[in-house]
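**Q** Sequence and predicted structure below; questions after.
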Amino acid sequence: MASILDISQAADLVDVAIQDVWLKGSEAETSLYKQYFNVETGVSDYYLKDSSLSGLGYAGRIVENAAVTSATPVQGYDKTYTQVQFGLLLPITKMMWFFGIKKRSLTAITSEVRKACSDLRELRCAERLDNSFSTSYAANDVSGNYTVTITGGDGVAFVSNAHTREDGGSNWNNRITDGTTVNMDFEYDALKAANRTAALIVGPQGKPTNISLDTLVVSRGYSVDNRATEILGAINKGWIAGSADRDGSFAKADGGTPTYKIVRNPWISTNTLYWWMFDSSMKNSRYGFQYKESQGIELEGPNVVFKTGEIQYKATMMFDLGHNDPRGWTGSKNTNAA
């Protein structure tokens, strides 16, 4: 049975010696997930199917008086997003309400109910990164744990060396490697390897994709975060980190010093040494992580239970998330090994 907020659990709220009591608030509601997910709101269908057709291959030379060679697009992979409802109920006894919350104007209580939903949303999004080298994971939930399948349209993990090409051509890889070492530790050479890995990612018919990595995602406060701050900070100044040669030759290879952004995610709590890089220009498209929302966080209450006088607040939301095509992303386990 769910617990109810009563006087025994929050005695300070009815203590006449305490004149001003507020629910201990957490950090303000965040939307960190929007920095690495493509967000679509206002979804009206329970099932939302993502499908695509590729572009065409290359044009060819036309021999005099010969027919022009025809070409057809390639059918892309399908991915279905199914809306899931999440929420939280906060029940309060009538005595607690009358002598505690109502008397003390505990206005923060509604924002905390709402924030419980926003924090879950951040956690579920971060879990996709935390488990991006796997095809499923066990989600911990107050209503009971459950298994989440997280494969893309090609049936493999988000970060993999076995992504199948839509036209049946050679597999492509987005696991960071310099051609010898896989899952490289985040260092200057690994950054170059990430760009190499991205450059080798091809489209559905084997054509180059022109991916330009500019955003790093790490677990906040861990060693990769600290090292990334040093290396990317140096590169953004035109330097080569940890080297006497500070001419920024790699950084300026494309004609200018790039500005790298770091997304520090505190909800990545299991695989805290993993790191990922993506092309932010591809985020607001069908590539990479997708967040599909039919209902944002809605707060209801107070509701009164007639038989007991219990006061209830409830917050709910409905969304699904996942990915179909992970092009534009690369990742590493930070192990210097497979």
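**A** Sure thing, it's come through.

**Q** Can you give me the end-to-end span of stretch 127-139?
**A** 8 Å (Cα to Cα, to the nearest Å).

**Q** try stretch 325-335
**A** End-to-end distance of stretch 325-335 (Cα to Cα): 25 Å.

**Q** Flag every buried residue along that stretch.
**A** 325-334 (16 or more other Cβ atoms under 10 Å). For every residue, glycine as well, the C-beta is placed using N, CA and C.

**Q** now do stretch 186-202
**A** Those would be 186-188, 190-191, 193-195, 197-198, 200-202, for stretch 186-202 by 16+ other Cβ under 10 Å.

**Q** Same check on stretch 44-54?
**A** For stretch 44-54, by 16+ other Cβ under 10 Å, it's 48, 50, 52, 54.

**Q** so what's the second one bridging to?
**A** Read that as D50. Bridge pairing for D50 (DSSP bridges) gives the partners K79.

**Q** what about Y81, how many neighbours?
**A** By other Cβ atoms under 10 Å, 22 other residues sit near Y81.

**Q** Make 28 the starting number, not 1.
**A** Happy to do that; since the first residue is 28 now, the last one works out to Y108.

**Q** Show only the entries of the buried residues of stretch 71-81 found in helices.
**A** Using DSSP state H, no member of the buried residues of stretch 71-81 falls in helices.

**Q** Among these, find me the one that's closest to S163.
**A** Nearest to S163, judged by Cβ to Cβ, of those is D77 at 19.6 Å.

**Q** For the closest one, list the residues it contacts.
**A** D77 makes contact with 105-108, 180, 313, 317, 351, according to Cβ atoms under 8 Å, 6 or more residues apart in numbering.

**Q** Where do the helices of the stretch 128-277 of the chain begin and end?
**A** Taking DSSP state H, counting those that start in this stretch as the test, the helices found in the stretch 128-277 of the chain are 129-131, 135-157, 215-226, 250-263.

**Q** Identify the residue spatially nearest to the most centrally placed residue in the chain, adjacent ones excluded.
**A** In the chain, the residue lying closest to the centroid (Cα atoms, centre = their mean) is C152, at 4.3 Å. Excluding the flanking residues, the one nearest C152 by Cβ to Cβ, 6 or more residues apart in numbering is Y60, at 3.9 Å.
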